[in-house]
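Student: any chance you can model this:
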Amino acid sequence: MLSQLGIVHSSLHYEHHMRLGPDERSALAVPASHVTGLVAMITTLWRTGGTLVLVPQFKATEFIALAARERITHTMLVPAMYALCLMQPEFGTADLSAWRIGSYGGAAMPRSMIEALAERLPRMTPMNAYGSTETTSPATLMPIGEQAAHLESVGRPVACAHIVVVDDDGREVPPGETGELLIGGPMVVRGYWDNPDASAAGFIAGYWRSGDLGSIDAEGYVRIHDRKKDMINRGSYKIWSIEVENTLVGFPGVIEAAAVGVPCPVLGERVHAFVHMDPAARAAAGDADALAEAMRRFCAERLADYKVPETVGLNETPLPRNANGKLLKREMRGWVPAAAPR
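Tutor: Next up, the predicted model:
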């Protein structure tokens, strides 16, 4: 259960790092029932005395109109929402000059998207955040104005957080090396309600096992490489699915992508990608097979050959996500048959 102390700590971090004040006008476009909506938005705006504008349902064109009409200054969205906004003609013509903080979480934001936002909204500062329900939302936040210099980072640990990176044997690894992130601090929950087995597996010595593979550099900036369970192992080559996904999102018209490992009797796993495109861009592209091959060539120009998706599935509808905006890869893996031996 979330504690009152954890909620206060978390809302204070958002307020301080984003320099939010009583004149803030924030658009609540993520679920209010989830920790992001509850803590990052509702509690934080209540503390600052700002205004919270409710968004009943996110649709890019309507959201842009609302942001202009309400003079929105602050948002917390998932990257796919920003991608949808960027694809609308109105995004380049609406008066969004009040929008100064564009925070995001739930997924990494590709460099191409950050650069596109900077071009369209030069006054807006993008800010990454990383956390979960177990950490009462933020465990890291990007210091304001530093995202451009640390595009692949989710920021630095918040003041009360203690994050360590450990190997498979539980030993802390040196700065820059990859391992599982363990997170401790007063904002971390003590366990799972009425589930001692899950609590025993998920917590150790006061730390929560995040299940995320990442690293912390010598300056304290945290990077998330992948979910431990989502890392793809192709013939003993480890592939971070996030790297493949961020590359695909750079393809014209792609809104979101998910890379998963498909079981293969020869290599262990092969890379399959699910892609959801802007409907207009998808219609203009024509033949699905030719489009998928174009995406593979696009990846081959930017990734090592073993990371290039061997198959690409084009989804007419948005990819499934949980309430925190994270892709439901477990569900998507069931959509793909095992790869044939090659």
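Student: domain-wise, how is this structure divided?
Tutor: The chain is divided into the following domains under automatic domain parsing: 4-157, 162-227, 231-333.
Student: turn those domains into TSV, columns for mean neighbour count and mean pLDDT.
Tutor: The way it works is simple: take the backbone N, C-alpha and C, and place the C-beta from them, glycine included. Formatted as TSV, these follow (neighbours: other C-beta atoms under 10 Å; pLDDT from 0 to 100):
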stretch	mean neighbour count	mean pLDDT
domain 4-157	19	89
domain 162-227	16	95
domain 231-333	17	93
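Student: SS state for L181?
Tutor: Assigned by DSSP: H, G, I helix; E, B strand; the rest coil, the conformation of L181 is strand.
Student: now it: closest residue in space, sequence neighbours ignored.
Tutor: Excluding its sequence neighbours, the residue lying closest to L181 (C-beta to C-beta, 6 or more residues apart in numbering) is S210, at 4.5 Å.
Student: in its sheet, what does the helix or strand in which that neighbour is found sit against?
Tutor: Assigning secondary structure by DSSP states H and E places S210 in strand 207-216. Neighbouring strands of strand 207-216 in its sheet, by DSSP bridges, are strand 179-184 (antiparallel), strand 203-204 (antiparallel), strand 222-227 (antiparallel).
Student: give me the contacts around the last one.
Tutor: Counting contacts by C-beta atoms under 8 Å, 6 or more residues apart in numbering, the residues outside strand 222-227 that touch it are 108, 130, 140, 152-157, 163, 178, 181, 211-217, 231, 240-243, 329.
Student: again, 7 Å this time
Tutor: Under the criterion C-beta atoms under 7 Å, 6 or more residues apart in numbering, residues 108, 130, 140, 152-157, 163, 178, 211-216, 240-242 lie in contact with strand 222-227.
Student: likewise the first one?
Tutor: By C-beta under 7 Å, 6+ apart, the surrounding residues in contact with strand 179-184 are 135, 139, 161-167, 173, 206-214, 228.
Student: equivalent analysis for the second one, please.
Tutor: Outside strand 203-204, the residues within contact range by C-beta under 7 Å, 6+ apart are 191, 209.
Student: centre of the chain versus that strand, how much separation?
Tutor: With C-alpha atoms, centre = their mean, to the nearest Å as the basis, strand 203-204 stands 24 Å off its chain's centre.
Student: same question for the first one.
Tutor: Distance of strand 179-184 from the chain centroid (C-alpha atoms, centre = their mean) equals 17 Å.
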